[in-house]
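Student: Below are the sequence and a predicted model for it; my questions follow.
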Amino acid sequence: MPETISVWKMRYTSLQVLLVAFSGIVFQLAVIEPAHAIAPNENTDVTLTIVLPPSTPIITPDSGAYTSIQTISISSAGADSIRYTVNGTDPTCETGNVYTAPFILSSSANVKAIGCDSNLNASTIASNEYTITIPNNTPSRDLGGGAMTPVYPKPITKDVVLALTFDQIEKIDDYTARVWIHLDADPKTVRGYMLSTDPTFVDTAIMNYTPWVSILVPIKPNQVVIYGRYYSTTGHTSDLVGVLVDLSKKIAPPSDIPCKTMFDPADKPSLLAWENRRRDLEKEDLIVHTEIRGDEKEFGLAFTDAQVNTMSDFIICGFSPATISFGQGERRAMVRDFMDTVHYSNISWLDIERMATGRIAVMRNLKREQTHVVFVLPIFRRIFGHDPNFKNHAENLAWSTLMYRIRFPRDLVKERGGITAFLNQYKHYPTTPLNWSTVRVMGYIK
């Protein structure tokens, strides 16, 4: 919000006053009119509230030369919004990228930012220059799907030695790619891992170690960093490791086999196991296809064969550590919830990932929300005792959880607490999707 300085009173003898400057701050000329007509030579007090523009944004880290990926944060006191550019052009209150969260710089750039209030009053522009040179200590690999460059290729802790290695990028839709990662570690020493495009691992669950994992990333911009952190059987936590994914290279089409898994061609037992598993998956795939076509009719949507194939692959296998952890039944419920609440045929798989990890989706359906308010608002009032304050993060997340049935990284203690709270409030067990969303609000948020 704009910052208001203390009141200044001035006396004048005309009908209008031109304000030029105050306390060393230069303003545009402003015409101040009194609240009533003023007789000639009449002295009248006028109270002026001076609204300062937002402060010059602070961009961190400082300008300089770096040998690793940098996470850029921007703040501006008094700003309702911040816009920025990374190509050296000047942003305005109406042009440039809208800053919503820290972002990654993987190459040299000139970052400029401007703070704006609700009336489009603008701060001065801040500018930081970054020279980023990432050492390539390990040869890049290109197996037909893209290129990976190690970002932190160093050993981790005294008893955990592992690394992230790229293997393939698979196109999910026009906006989303699925990156397959090999976690190279000794399973005897590694208990679990976290994998995310967010180096802070907010809302990222610890997964049991498995050699092959996949994660969803946006196809644009052309580069994204995937970060990993590992946990040993002896309780050690690893340093941060990561790989830079170059999405400008050729991206493979979606696999025609559900749950595509990477195997060493020389490992005959693995190939035999995969062949047996593949036959079972093909049968399961036919069943899921039939269920999806039934959902299509139930919700009045229309899916292409390619969309049904993608949904089936997701339901049977999951696309990321977070969605794999839910199980097939919960993944099908997530797809059905997206059909019901967002009600678009073109499913946003990045939003599915957000909704699997306790985050609010970008794609929304406001008309659909209006029809659901009559069901959601009484529940919210019953839990919080008042209407939602959308400026409050917890209340905004609770409202979105009820509206769009957001999930959270699994915590059985919180889930049991939510079920207990639901039973106390409603005197019956949760049975409907909205009931279970209420349980999640009570257990994970309230």
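Tutor: Yes, it's here. Computed from a predicted structure; not experimentally measured.
Student: all contacts plus neighbour counts: C-alpha atoms, from now on.
Tutor: Noted.
Student: Tell me, please, where in the stretch 1-150 of the chain the pLDDT is lower than the cut-off.
Tutor: For the stretch 1-150 of the chain, residues meeting the criterion pLDDT under 70 lie at 1-51, 68-69, 104, 106, 134-150.
Student: switch to 50 and redo it
Tutor: Applying pLDDT under 50 to the stretch 1-150 of the chain flags residues 1-36, 38, 40-43, 46, 135-150.
Student: ok, now which ones touch residue 125?
Tutor: 56-57, 90-91, 112-115 (Cα atoms under 8 Å, 6 or more residues apart in numbering).
Student: Mark which of those are buried, thanks.
Tutor: Among those, those classed as buried by 16 or more other Cα atoms under 10 Å are 56-57, 90-91, 112-115.
Student: Which members of those occur in helices, if any?
Tutor: With helices taken from DSSP state H, there is no overlap with those.
Student: Can I take it that residue 243 is in a strand?
Tutor: Yes. Residue 243: assigned to a strand according to DSSP: H, G, I helix; E, B strand; the rest coil.
Student: Look up how far residue 70 lies from it.
Tutor: Counting by Cα to Cα, to the nearest Å, the gap from residue 243 to residue 70 is 13 Å.
Student: More neighbours: which of those two?
Tutor: Between residue 243 and residue 70, residue 243 has the larger neighbour count (other Cα atoms under 10 Å), namely 24 against 18.
Student: looking at it, the more buried one is touching residue 199, isn't it?
Tutor: No. Contact criterion Cα atoms under 8 Å: residue 243 and residue 199 do not qualify, at 11.5 Å.
Student: so what sits against both of these two?
Tutor: Taking Cα under 8 Å, 6+ apart as the criterion, residue 243 and residue 199 both touch residue 227.
Student: Among the buried ones among the contacts of residue 125, which are located in strands?
Tutor: Using DSSP state E, the members of these that fall in strands are 112-115.
Student: Residue 426: neighbouring residues, count only.
Tutor: Per other Cα under 10 Å, the neighbour tally for residue 426 reads 10.
Student: quick one: it from residue 217, how far?
Tutor: The gap separating residue 426 from residue 217 is 40 Å, by Cα to Cα.
Student: what secondary structure does residue 288 sit in?
Tutor: Classification of residue 288 by three-state DSSP places it in helix.
Student: what residues are up against it?
Tutor: 312, 315-316.
Student: what do you get if the cut-off is 10 Å, keeping everything else the same?
Tutor: 282, 294, 308-309, 311-313, 315-316, 332 (Cα atoms under 10 Å, 6 or more residues apart in numbering).
Student: These into a markdown table, with extra columns for secondary structure and neighbour count?
Tutor: Listed next are those as a markdown table, based on DSSP: H, G, I helix; E, B strand; the rest coil; neighbours: other Cα atoms under 10 Å:
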| residue | secondary structure | neighbour count |
| --- | --- | --- |
| 282 | helix | 15 |
| 294 | helix | 12 |
| 308 | helix | 18 |
| 309 | helix | 23 |
| 311 | helix | 23 |
| 312 | helix | 26 |
| 313 | helix | 23 |
| 315 | helix | 26 |
| 316 | helix | 20 |
| 332 | helix | 21 |
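Student: from these, which two are the most distant?
Tutor: Maximum pairwise distance among the contacts of residue 288 (Cα to Cα): 18.8 Å, between 282 and 294.
Student: Just say helix, strand or coil for residue 334.
Tutor: Per three-state DSSP, residue 334 ends up helix.
Student: so it sits right up against residue 357, yeah?
Tutor: No. Counting by Cα atoms under 10 Å, residue 334 stays clear of residue 357, with 11.9 Å between them.
Student: Neighbour count for those two, which is higher?
Tutor: Shown here are residue 334 and residue 357; by other Cα under 10 Å, residue 334 has more neighbours (23 against 20).
Student: pLDDT value on that one, please?
Tutor: Per-residue pLDDT puts residue 334 at 94.
Student: Count residues in the vicinity of residue 345, would you?
Tutor: Counted with other Cα under 10 Å, the neighbours of residue 345 add up to 16.
Student: Quick one: name whatever helix or strand follows the helix or strand in which residue 178 is found.
Tutor: Per DSSP states H and E, residue 178 falls inside strand 176-184. As assigned by DSSP H and E, the chain's next helix or strand after strand 176-184 is strand 190-196.
Student: Direction included, what does that following strand pair against?
Tutor: When pairing is defined by DSSP bridges, strand 190-196 lines up against strand 207-208 (antiparallel), strand 223-232 (antiparallel).
Student: any idea of the mean pLDDT in the first one?
Tutor: The predicted model assigns strand 207-208 a mean pLDDT of 73.
Student: one step back: as CSV, the ones in strands among the buried ones among the contacts of residue 125 with distance to residue 222 would be great.
Tutor: What follows is those, written out as CSV (distance: Cα to Cα, whole Å):
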residue, distance to residue 222
112, 20
113, 22
114, 25
115, 27
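Student: Please name the residues that touch residue 204.
Tutor: Counted by Cα under 10 Å, 6+ apart, residue 204 has contacts 193-196, 198, 321-322, 356-358, 408-409.
Student: 6 Å instead?
Tutor: For residue 204, the contact set (Cα atoms under 6 Å, 6 or more residues apart in numbering) is empty.
Student: ok but it is inside a helix, no?
Tutor: No. Counting by three-state DSSP, residue 204 falls outside a helix, being coil.
Student: still on that earlier bit, ok, so of the contacts of residue 288, who is nearest residue 98?
Tutor: residue 311 (31.2 Å).
Student: so what pLDDT did that closest one get?
Tutor: Model confidence at residue 311, given as pLDDT, is 90.
Student: Distance of it relative to residue 330?
Tutor: 13 Å.
Student: Ignoring the adjacent residues along the chain, who's closest to residue 228?
Tutor: Leaving aside its sequence neighbours, residue 228 sits nearest to residue 195 (Cα to Cα, 6 or more residues apart in numbering; 4.6 Å).
Student: Now do the same for stretch 397-413: mean pLDDT, whole number.
Tutor: On average, stretch 397-413 scores 91.
Student: swap that for stretch 423-438, sorry
Tutor: Average pLDDT, stretch 423-438: 94.
Student: Also stretch 337-344?
Tutor: Here the average pLDDT along stretch 337-344 is 92.
Student: So which bits of that stretch are buried?
Tutor: Of all the residues in stretch 337-344, those buried under the rule 16+ other Cα under 10 Å are 337-344.
Student: What of stretch 402-414?
Tutor: 402-410, 414.
Student: From the residues you listed, which land in helices?
Tutor: With DSSP H as the criterion, helices contain 402-404, 414 from among those.
Student: of all the residues you listed, which comes closest to residue 188?
Tutor: Once Cα to Cα is applied, the member of these that ends up nearest residue 188 is residue 414, at 30.5 Å.
Student: that older thread, would you convert the contacts of residue 288 into CSV that also reports distance to residue 392?
Tutor: As requested, the contacts of residue 288 are exported to CSV (distance: Cα to Cα, whole Å):
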residue, distance to residue 392
282, 46
294, 39
308, 37
309, 39
311, 34
312, 37
313, 37
315, 33
316, 36
332, 31
